[in-house]
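Q: Structure for this input, please:
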Amino acid sequence: MPRQSLPQASLTILLSQWSVLIQRNFQVFLADKLNLALTILQVPLIAMLIVGAFYQFDRDKHIFDEAARVVYYFDLLKTPLEQADKAVNIDKLYKYAQFLAQEIDENLKMDYINQQISPYFTAKSVTLPNRVITFPQTTSPLPISDLASIRRGSIYFLLVAASIWFGIMASCKEIVTEQPILKREIRSYLFIFPYLAAKFWVLMLILGVQTGLLAMMVVPLLLKLSWLHTGWIGLILWITASAAATLGLFISCVVTSYRVALTLVPLLMIPQLLFGGLLRPPADIAPTNNWLIVTNTLSALTIQRWAFEAILTTDIYAKGGILKLQVNPKGRGELDLVRAINSSLVNSFFQPRKWGDFEAGYRWPPLLYLGSASILFFLGGYLALRWRFT
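A: The predicted model follows:
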């Protein structure tokens, strides 16, 4: 009896094949003890490498963090005095700014504001800026410099890169190594769609464990975030690894040799690292010529770039706390030469996205892109197998 085409097949047959194939894939995965061990052990190995490379990274450039805070508070304190046309006591304001910039107990800081800074502004008949009191006292930890934000962003970048590596390496060999068997089974009774869906489902479960473990081993220790933040990071890493897995499945559907698939892996990973948003952040690229337009286009085609943007939104500095130093050579005086602008970790790498008058967020559009890319890669793999074997 000839095999039915996919539109003619009943949902029961498709689900039955999908269920059987899931069981078979798990049996094959668990039977290969060496591959199982490597799949499990690569997660703590990569986690230890990241932790070892970035341990106590928050102490790097620490002096620049305090200097940026001094500039920020000094500018904050002098602005209302200048607006009221009052004399600016540079030494006194610098002393206040230095104290506010230190990592000290918040209660001591509030006492200092009430006993020293507020009386000075009251005597000048000038209102103390509210941000001196509310920022960063209501946020934790203290603001950091733009230089330190690069270090923090690098950890997220490596977490995303590791997740992409998990996804591509786990999937690139799945179909190409089964081509002789697949060709025979497709001609007899097997449908391509449940076959691919079963592969993807098993990969998703494996990648979910890997990315979850990676997040739990790295995030609380290095980034010192709560378990809620860790959960969000693990979820985004899982989505990222799943998108990379569909890319790997697509490659495995197209190529005819396992060696070719492995050769393509570095060719897929290198653009992720080059155009993923860390080495040259999109926020710094102005498309002034054709080459930079090509650079932005290549960046937009990578999984890394979108996953990196999405994962930065989970950080405690996602909405503020990054002090970017700006030089203004056209200022009215030396006090206006340098300013520290309160920005966010996401803005350190990516520009705000606007669709007309609507300003889109940083998290959901990238995740939508990753989901769409997964669907396109999956359908591409399905069409490639159908063209080759049916």
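Q: and the nearest residue to residue 146 once chain neighbours are set aside, helix, strand or coil?
A: Counting by CB to CB, 6 or more residues apart in numbering, the nearest residue to residue 146 once its immediate chain neighbours are dropped is residue 324, at 4.5 Å. Placement of C-beta: from N, CA and C, glycine included. Secondary structure assignment for residue 324 (DSSP: H, G, I helix; E, B strand; the rest coil): strand.
Q: wouldn't residue 324 be in contact with residue 344 here?
A: No. In this structure, residue 324 is not within contact of residue 344 by CB atoms under 8 Å, at 9.8 Å.
Q: which ones are touching the residue nearest to residue 146?
A: 146, 340, 341, 343, 348 (CB atoms under 8 Å, 6 or more residues apart in numbering).
Q: ditto for residue 144
A: Residue 144 touches 58, 65, 68, 152, 317, 321, 322, 323, counting by CB under 8 Å, 6+ apart.
Q: Quick check: bridge partners of it?
A: Going by DSSP bridges, residue 144 is paired in beta bridges with residue 322.
Q: Return the distance of it relative to residue 74.
A: 17 Å (CB to CB, to the nearest Å).
Q: Could you do residue 67 as well?
A: With CB to CB as the criterion, residue 67 and residue 74 are 11 Å apart.
Q: who's more crowded, those two?
A: residue 74 (24 against 17; other CB atoms under 10 Å).
Q: How is the protein divided into domains?
A: What automatic domain parsing lists as the domains of the chain is 11-55+144-316+358-389, 62-134.
Q: Please identify which of those domains is closest to residue 328.
A: Of all the domains of the chain, domain 62-134 sits nearest to residue 328, with 10.8 Å by CB to CB.
Q: hang on, the earlier thing: could the domains of the chain go into a markdown table alongside mean pLDDT and distance to residue 352?
A: Shown next, in a markdown table, are those (pLDDT from 0 to 100; distance: least, CB to CB, whole Å):
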| stretch | mean pLDDT | distance to residue 352 |
| --- | --- | --- |
| domain 11-55+144-316+358-389 | 91 | 6 |
| domain 62-134 | 87 | 21 |
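Q: Pick the most buried one from those.
A: domain 11-55+144-316+358-389 (a mean of 18; mean count of other CB atoms under 10 Å).
Q: Between the two ends of it, how far is it?
A: With CA to CA, to the nearest Å applied, domain 11-55+144-316+358-389 spans 22 Å between its terminal residues.
Q: quick one: the helices in the stretch 101-250 of the chain?
A: 106-112, 118-123, 130-134, 146-171, 179-188, 192-218, 227-254 (DSSP state H, counting those that start in this stretch).
Q: tell me how far the second one is from the chain's mean position?
A: What separates the centre of helix 118-123 from the centre of its chain is 44 Å, taken as CA atoms, centre = their mean, to the nearest Å.
Q: Please export the C-alpha coordinates of it as CSV.
A: What follows is helix 118-123, C-alpha atoms only, in CSV (Å, rounded to 0.1, in the frame of the first residue of the first chain):
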residue,chain,number,x,y,z
SER,A,118,20.4,69.8,52.5
PRO,A,119,21.3,72.7,54.8
TYR,A,120,23.8,74.0,52.2
PHE,A,121,21.1,74.2,49.6
THR,A,122,18.6,75.6,52.0
ALA,A,123,21.0,78.4,52.8
